[in-house]
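**Student:** Model the structure of this input:
(one chain, ligands or ions: 1)
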Amino acid sequence: MRKISAHLILDGLGHCYTKGIVTLDWDGTILNIEDTGGALRESAEVEFFSGMLVPGFINAHCHLELSHMHNTFPESAGFVPFLKKVVETRASEPEYISEAAEKADILMYKNGIVAVGDIANGTTAFEAKKNSSIYYFTFLETLGFNPGRSEKAFHWADNCIKLAESMGLKGSIVPHAPYSVSNQLFEAVAIEATRSGLPISIHSQESLAEDDLYRTGSGEMVDHLRDNLGIETSHFTPTGESALRSTLKLLPVENHLLLVHNLFTTQSDLDYISTVRKLSNTWFVLCPGSNLYIQNRLPNIDLFRRNELQICLGTDSLASNHQLSILEEMKIIQQASPSIPLDELLGWATIHGANALGISDWAGSIEIGKRPGINLLTNVDFSERKLFPGTRLKKIC
Ligand SMILES: [Zn+2]
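**Tutor:** Numbers count the residues shown, from 1 in each chain. Sure, this is the predicted structure:
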């Protein structure tokens, strides 16, 4: 048994304890939370930390298998040029990929991340995930814009997910993005998602080029598909509507859905989403570090707050970020929108991600009976309850 305390304890649910005491079992399960009302008596059995204790972080969107591409791409190059670069450079020796994945996993662990919604296109990072102390939910991503590829693409994903399951890893089959998945492949993914009932995710509204593709059948994305990937696009009939409006309805409404990036989302898009599915099982994953890296742009964060949506945070991959740290993502958001209370921002980094991934029975908040992991944040602004650019993190358990 271990008793810990700090100047402030933020539980991830909006409650703050001043010099409270958290009692932990040896495996990190929370046995008790004592609200001392700030009057902590010195005691040999209580470890006191200078700073703020918060729950372990949830990284709702990552690509561990792209970790070997760290520092490969120039910043602010734009989205479609980034896609082209990924295609050109992602192939590498499997040992090299898995070694980079292992290192990235250790970094995430040290950065206080306890669970990850991790995209995979193959199996190269499975071993790293299997051996990790972090919980991984793998979103096995299907790719196939040409309907003729649908069966093969789904079969590949199905085989990969079966291997993941045999290794004790949980996961589901998901569509990559509207611009890379045919209606037939969407249909196969939807049938499987309905069968499994597991969370699914999709890259959504990360570019305007995906809208050009669906509205007019032309533009940068079509050129990319044809010229860089050699994909035949003559089968495709533009819908005359945005990518979101053309494809969201193809996903089952009952599954948890993580919409990732939402960089160009507008109020009218949100109004539309609420007509297609329940917002209570829809999460909006923001990856501000990656968005700045690739497109030097941030999503309209206040729009999601005004609509009281469930926001999560993701790092995306090391191909498009300087580090895999949810704390750094929080700092970017706080700098862009200083009026967001830290308690609220912390909820995005913890409980919302846990809810999205279906693991809130043990993760996401400091509550009795959970084993959420606990991080100590030091060098924080106590009076304004804000992070400083120099706020640091130490994993306590
Ligand atoms: Zn991604």
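**Student:** who touches the helix or strand bottoming out on mean pLDDT in the chain?
**Tutor:** When the helices and strands of the chain are compared on mean pLDDT, DSSP states H and E, helix 79-89 comes out lowest with a mean of 87. By CB atoms under 8 Å, 6 or more residues apart in numbering, the residues outside helix 79-89 that reach it are 66, 69, 72-73, 77, 206-207, 209, 220-221, 223-224, 228-229, 294-295, 319-320. In short, each C-beta sits where N, CA and C put it, glycine included.
**Student:** same thing but 7 Å
**Tutor:** 69, 72-73, 206-207, 209, 220-221, 224, 228-229, 294-295, 319-320 (CB atoms under 7 Å, 6 or more residues apart in numbering).
**Student:** Relative to Val22, how far out is the closest residue in space to Leu24 that isn't next to it in sequence?
**Tutor:** Counting by CB to CB, 6 or more residues apart in numbering, Leu24 lies nearest to Arg2, which is 4.7 Å off, once chain neighbours are set aside. As judged by CB to CB, to the nearest Å, Arg2 and Val22 stand 9 Å apart.
**Student:** same deal with Asp11?
**Tutor:** 9 Å.
**Student:** which neighbours do those two share?
**Tutor:** Common neighbours of Asp11 and Val22 (CB under 7 Å, 6+ apart) are Ile366.
**Student:** Of Arg2 and Val22, give the one with the bigger neighbour count.
**Tutor:** Val22 (24 against 15; other CB atoms under 10 Å).
**Student:** Which helix or strand contains that one?
**Tutor:** Under the criterion of DSSP states H and E, Val22 resides in strand 21-24.
**Student:** repeat for Met52
**Tutor:** Per DSSP H and E: strand 46-55 holds Met52.
**Student:** Next: Ile106.
**Tutor:** helix 94-110.
**Student:** Give me the packing partners of that helix, helices and strands only.
**Tutor:** Identification of packing neighbours for helix 94-110 by 3 or more CB pairs under 7 Å, 6 or more residues apart in numbering; DSSP states H and E yields helix 126-130.
**Student:** thinking again about what came up before, now list the buried members of the contacts of helix 79-89.
**Tutor:** For the contacts of helix 79-89, a burial check counting by 16 or more other CB atoms under 10 Å picks out Met69, Phe73, Glu206, Ser207, Ala209, Glu220, Met221, His224, Ile294, Gln295, Ala319, Ser320.
**Student:** Is it possible to get CSV of those residues that adds secondary structure and distance to Gly144?
**Tutor:** Below are the buried ones among the contacts of helix 79-89 laid out as CSV (DSSP: H, G, I helix; E, B strand; the rest coil; distance: CB to CB, whole Å):
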residue, secondary structure, distance to Gly144
Met69, helix, 22
Phe73, coil, 25
Glu206, coil, 18
Ser207, coil, 19
Ala209, helix, 19
Glu220, helix, 20
Met221, helix, 15
His224, helix, 15
Ile294, helix, 23
Gln295, helix, 25
Ala319, coil, 21
Ser320, coil, 23
